[in-house]
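Visitor: What follows is a predicted structure for the sequence shown.
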Amino acid sequence: MRDFVARRVAAVPPSGIRRFFDIAATMEDVISLGIGEPDFVTPPEILEAGIRSLRNGRTHYTSNSGTQELREAVAVHLQRLYGVTYEPRAEILITVGVSEALYLTLTAVLDPGDEVIVPTPCFVAYQPEILLAGGVPVELPTRLEDGFQVRPEALEHRVTPRTKAVLLGYPNNPTGAVMSRQNLTGVAAIAERHDLLVISDEIYDRLVYGGHEHVCFASIPGMHPRTVTLGGFSKDYAMTGWRIGYAAAPAELLAALRKVHQYTIMSASTTAQDAAVEALLHGELHVERMRAEYDRRRRLIVGGLNELGLPTFEPLGAFYAFPSIAATGMNDQAFAEALLSEERVAVVPGSAFGADGGFVRCSYATAYEKIEQALERLRRFMQHHG
């Protein structure tokens, strides 16, 4: 019998994250610094809004675009925070998490062979989603000495006649980097000069520390017409399991995303949409509390890793540290496997995100006390391998 699996699917490797989680799941007493998920439970008011939605019998489809109430709340939210204006009816689409929003965008805009420039390290789904949509990912390595930001001149050198889009993910997973307004303005000039679309994944937009700011790419002068803004509720509001996000874009472009969405999904969960409205209207205090706690953990883990001889770039956003493991003489795969086997601490090899073999990702979206324990185990590990 012939092989029925499509070649483009067979060519996509399995996620480099899942392998270590699967191994860790078979072991006892593991402290995971691997998973990119808040350890907080969804705030109680948001939970109650979802429960109330169910009790009120709101168990049917919504509009393909999402409820008007949520789209209006997203529009107000983006205007208030970043000064960008989207028309709720025509320019905002509610999706099943940002993952669906990314899938819709790439499927809607890419023709076979179109190139998308992807700064790396990046979220593990970027390159596979481009391939699955028929496009060609063109990696643009960022450097520690540049704070893992995109250098406009390096981006310029990656542009070819087949380039259609640039996919940005800042605040960054896995490095915690935040793009400066100056560098974003440089990216904007290149997008304008070469007539490129910019897909801006801003899922960690509220988790920025130390007086730094997140700049919404669509707020850069002239960029609103050529930007798809992707955002959601998973990270900022601890709503990963609710699977709720959005895409915001000019009406003609958003109509193409909606077309893919309506034939693929119909509509996002009604319960989750009602909870998301509550999050935007009354969740600000919870966002600030969670951000303050992440900042406390950030300072603990970065200071601890540096002290152990694992030089760590200071993450300015998201909830990840990205230490160099060069002092151990191991590559990232060997380091992660040995640390898990010997000390029961799970981290993710940096190569899973497109980095070279000299880094691992450590999530600090886990309890402060567990991070302390993990650092003590790392201390023992480094005594043998440092």
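Guide: Structure's in. What do you need?
Visitor: Only C-alpha atoms from now on, for both contacts and neighbour counts.
Guide: Fine.
Visitor: And the strands in the protein?
Guide: Along the chain, the segments classed as strands by DSSP state E run 31-32, 92-95, 115-120, 136-141, 163-169, 197-201, 227-232, 245-248, 320-321, 345-346, 348-349, 360-363.
Visitor: Go through those and name the closest to Val260.
Guide: Closest of the strands of the chain to Val260 is strand 92-95, at 11.2 Å (criterion: C-alpha to C-alpha).
Visitor: still on that earlier bit, kindly reformat the strands of the chain as CSV containing mean pLDDT and distance to Gly210.
Guide: Output for the strands of the chain, formatted as CSV (pLDDT from 0 to 100; distance: least, C-alpha to C-alpha, whole Å):
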stretch, mean pLDDT, distance to Gly210
strand 31-32, 92, 26
strand 92-95, 98, 31
strand 115-120, 98, 24
strand 136-141, 98, 26
strand 163-169, 98, 20
strand 197-201, 98, 21
strand 227-232, 98, 22
strand 245-248, 98, 26
strand 320-321, 98, 15
strand 345-346, 95, 27
strand 348-349, 94, 25
strand 360-363, 97, 18
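Visitor: With mean neighbour count and distance to Phe40 as new columns, can those strands be given to me in TSV?
Guide: Shown next, in TSV, are those (neighbours: other C-alpha atoms under 10 Å; distance: least, C-alpha to C-alpha, whole Å):
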stretch	mean neighbour count	distance to Phe40
strand 31-32	22	15
strand 92-95	29	23
strand 115-120	26	28
strand 136-141	20	33
strand 163-169	23	23
strand 197-201	23	22
strand 227-232	26	16
strand 245-248	28	18
strand 320-321	28	16
strand 345-346	26	19
strand 348-349	28	21
strand 360-363	28	14
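Visitor: I'd like the ones you listed laid out as a markdown table, including distance to Leu308.
Guide: Below are these laid out as a markdown table (distance: least, C-alpha to C-alpha, whole Å):
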| stretch | distance to Leu308 |
| --- | --- |
| strand 31-32 | 18 |
| strand 92-95 | 42 |
| strand 115-120 | 26 |
| strand 136-141 | 27 |
| strand 163-169 | 29 |
| strand 197-201 | 33 |
| strand 227-232 | 36 |
| strand 245-248 | 38 |
| strand 320-321 | 14 |
| strand 345-346 | 15 |
| strand 348-349 | 18 |
| strand 360-363 | 14 |
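Visitor: Gln273: which of these is closest?
Guide: Of all the strands of the chain, it is strand 92-95 that lies closest to Gln273, at 8.1 Å by C-alpha to C-alpha.
Visitor: Run through the neighbouring helices and strands of that closest one.
Guide: Contact here means 3 or more C-alpha pairs under 8 Å, 6 or more residues apart in numbering; DSSP states H and E; on that basis strand 92-95 packs against helix 68-82, strand 245-248, helix 251-264.
Visitor: again, only using 10 Å
Guide: The helices and strands touching strand 92-95, judged by 3 or more C-alpha pairs under 10 Å, 6 or more residues apart in numbering; DSSP states H and E, are helix 68-82, helix 97-109, strand 227-232, strand 245-248, helix 251-264.
Visitor: Val277: which of those is closest?
Guide: helix 68-82 (5.3 Å).
Visitor: what's the most buried one of the helices and strands packed on strand 92-95?
Guide: Neighbour counts (mean count of other C-alpha atoms under 10 Å) averaged over each of those peak at strand 245-248, with a mean of 28.
Visitor: so can I have TSV of the helices and strands packed on strand 92-95 showing distance to Glu28?
Guide: Below are the helices and strands packed on strand 92-95 laid out as TSV (distance: least, C-alpha to C-alpha, whole Å):
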stretch	distance to Glu28
helix 68-82	42
helix 97-109	31
strand 227-232	33
strand 245-248	34
helix 251-264	40
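Visitor: about what we covered before: the strands of the chain: which one's closest to Ile17?
Guide: Per C-alpha to C-alpha, nearest to Ile17 of the strands of the chain: strand 348-349, 6.2 Å.
Visitor: May I have the strands that pair with that closest one, each with its orientation?
Guide: Under the criterion DSSP bridges, strand 348-349 sits next to strand 360-363 (antiparallel) in its sheet.
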